[in-house]
Structures are given as C-alpha cells and as structure tokens.
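# dropping the sequence and predicted coords here.
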Amino acid sequence: MNQRPTKVVFPVAGLGARFLPATKAVAKELLPVADRPLIQWAVEEAAEAGFEHFIFVTSPHKSAVAAHFDPAPHLQENLSARDNQAALELLKAGLPDGAKIDEVEQAEPLGLGHAIWCARELVGNEPFAVILVDDLVHHETGCLQQMLQAYRGTGGNMVAVETVPPEDTQKYGIIASGRQNGAVIDVTGLVEKPSPETAPSQLAIIGRYILQPEIFATLSAFKKGAGNEIQITDAIADLMGDVSVYGFAFQGTRFDCGMPDGLLAANVAYGLSKDREKTAELRRKLQLILENFG
C-alpha cells in the first residue's frame, strides 16, 4: 500500500498585488469567504482529509497567516468568562486536535517550485500534499480527500485538473493525457503556460498536489521556466521517467480566489450554501442588487 501523506504545504508568500489596497496591511490569504478567511478553508480541507502537520511557506514580512492559527489566551479567557462555548470552538480555526504547525520563510519570490522546495527539511523523505489557497473547491467531499482516495491505488505524483477554455491554457500548467480510469488520468507530459496553439490539451493543473519527496532533488537544480521562475510543473515533468504522474478530475466547483471577481463569486456561492433562512435573505438582497446595479 502506498504511504499515506500526513504533511501538507501551503505556499502563502505572495504579495496579493491584485487586491491592493486591501492587502497593503492584510495578507490575501486572510481575506474572508463567507464566515472565515481563505487560509482557514484550505486548512479545513486538509484536516478533513486527515492531515496532521501543516507547513506554511511565508515571506519575511508576512507572519500573520500562520498567526491566525496561534493560541489567543486573552480572547480565550474572555470567552470562557462569558461561557461562550460556540465562540471558543471557532478559535480553533479549523485545526484538528493535536495538529502540528510549522512556518518557513521563502526569502525571495522565485516561483511556486522554489516555495515548495523551501519546505524540504520540514517534509523530509515522505510523500506530502500541497494546497494553493487561491483555488477554493466547493464540494461536500474536499478536493484533497477525493485525491487521497485515488492516490491509495496509484501512488506517484498526482495533480488535480479541470478543463479550461483554449484561450486560458497560457495561465496554467497543462497536461498531456493518456488512458483515463474514472477520475484518474495517466499523464504523458506536462508543460507550463503553453499558448493555445501549442497546448497538449485543455486539462489545466489547479492548486492541489500530492508529491513524492524525490521532487526536492529535482527542484534543487533551480531550473527556471515560464516567467523566469522555478516551476513545480517543470520539476514534475523532469521526474516522469522515475515517478509516474496522474491527473485527477475532481468533483466540485473551483473558484479562483486569486482574482477579485473569483473571490466575490466564492463569497456569493458560499453564502448561498448556508442554512435556508440566511440563504433566502441573501437571495433577496442579491435580487435587489441586480435590479439596482445590474
């Protein structure tokens, strides 16, 4: 049986420039979707999948993301004095009991591959997962849990994929696909941000990965690719002769919360997925908005 990964890496060192000025003093990953910040949705997805060790790759001036999961003694004392058990439970911020949290800095913004490489000592010689917080997947079963169920039978490196319009291939890592068995796709090649004319398919890699530790040796070459950055897609491709690669066609709706319109859409969708009474009121307000501003 393939070794089950227990560690998950969250690359959260980005500047969030698309959201300025909102992100001048607040990390993009702390922007809210419905009733919790983006990073908490990602952590809850990993916790649901059984992960126990959470590794945040941050920048030297971006410590607030991991701090969201730190204990808050003063707040805990005040809530305890008021016997506010519901609020006390919320302070756990989605972390499972006994969770381990580590933080490591990415000193320079050299790309996603480099950010993952920065976590090499904390990950060690075992398979691990990566969640890109910008990609929020709405489904009753989390995307990472879906992938783990398939990974038990495949091993290797696994990437979550979805079909994108031809004109959008230049925004993603794109796979060349072989045989498909249910949601699992044999990957025969990968290319980062190809033009629509050269893309091998329309199957784009989105922000969920299960990776073998051999990836760190490949990333250590610091090979630069698209955008003059160290790309994780290139490293996975370079390993294909030694480590099999699988695409996973997940179930659910993905919201690109790295873009303002995607974050707004996620807030509406997650707001509408709450209890019926609140959903009815939100629908009424949205209808008024469309009538007055649509």
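Perfect, thanks for sending it.
# now the strands for the chain?
In the chain, the strands defined using DSSP state E lie at 7-11, 32-33, 36-37, 53-58, 100-105, 128-131, 135-138, 157-163, 173-181, 184-192, 203-211, 245-249, 253-256.
# JSON lines please, covering those and showing mean pLDDT and mean neighbour count.
To be clear about C-beta, it is placed using only N, CA and C from the backbone, and glycine gets the same treatment. Converted to JSON lines, the strands of the chain look like this (pLDDT from 0 to 100; neighbours: other Cβ atoms under 10 Å):
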{"stretch": "strand 7-11", "mean pLDDT": "97", "mean neighbour count": "25"}
{"stretch": "strand 32-33", "mean pLDDT": "94", "mean neighbour count": "18"}
{"stretch": "strand 36-37", "mean pLDDT": "92", "mean neighbour count": "19"}
{"stretch": "strand 53-58", "mean pLDDT": "95", "mean neighbour count": "24"}
{"stretch": "strand 100-105", "mean pLDDT": "92", "mean neighbour count": "15"}
{"stretch": "strand 128-131", "mean pLDDT": "98", "mean neighbour count": "26"}
{"stretch": "strand 135-138", "mean pLDDT": "96", "mean neighbour count": "22"}
{"stretch": "strand 157-163", "mean pLDDT": "97", "mean neighbour count": "23"}
{"stretch": "strand 173-181", "mean pLDDT": "93", "mean neighbour count": "17"}
{"stretch": "strand 184-192", "mean pLDDT": "95", "mean neighbour count": "20"}
{"stretch": "strand 203-211", "mean pLDDT": "97", "mean neighbour count": "24"}
{"stretch": "strand 245-249", "mean pLDDT": "97", "mean neighbour count": "23"}
{"stretch": "strand 253-256", "mean pLDDT": "96", "mean neighbour count": "18"}
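# let me have those in CSV, extended by distance to Lys24.
Converted to CSV, the strands of the chain look like this (distance: least, Cβ to Cβ, whole Å):
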stretch, distance to Lys24
strand 7-11, 21
strand 32-33, 17
strand 36-37, 17
strand 53-58, 17
strand 100-105, 20
strand 128-131, 25
strand 135-138, 23
strand 157-163, 31
strand 173-181, 30
strand 184-192, 30
strand 203-211, 24
strand 245-249, 37
strand 253-256, 22
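# for Asn267, find the nearest of the ones you listed.
Comparing the strands of the chain against Asn267 with Cβ to Cβ, the closest turns out to be strand 32-33 (5.5 Å).
# neighbouring strands of that closest one in the sheet, and parallel or not?
Its sheet considered, strand 32-33 pairs with strand 36-37 (antiparallel) by DSSP bridges.
# now tell me what touches the strand it pairs with from outside.
Strand 36-37 is contacted from outside by Glu29, Leu30, Leu31, Glu44, His68, Ala93, Gly94, using Cβ atoms under 8 Å, 6 or more residues apart in numbering.
# so which of those sits lowest on pLDDT?
Taking those together, the minimum pLDDT is found at Ala93 (70).
# who's in contact with that residue?
By Cβ under 8 Å, 6+ apart, the contact set of Ala93 is Arg36, Gln40, Val43, His68, Phe69.
# quick check: buried residues in the longest helix that the chain contains?
Ranked by residue count, the top helix of the chain under DSSP state H comes out as helix 276-293. Within helix 276-293, no residue is scored as buried using 16 or more other Cβ atoms under 10 Å.
# can you check stretch 67-84 too?
Those would be His68, Phe69, Leu79, for stretch 67-84 by 16+ other Cβ under 10 Å.
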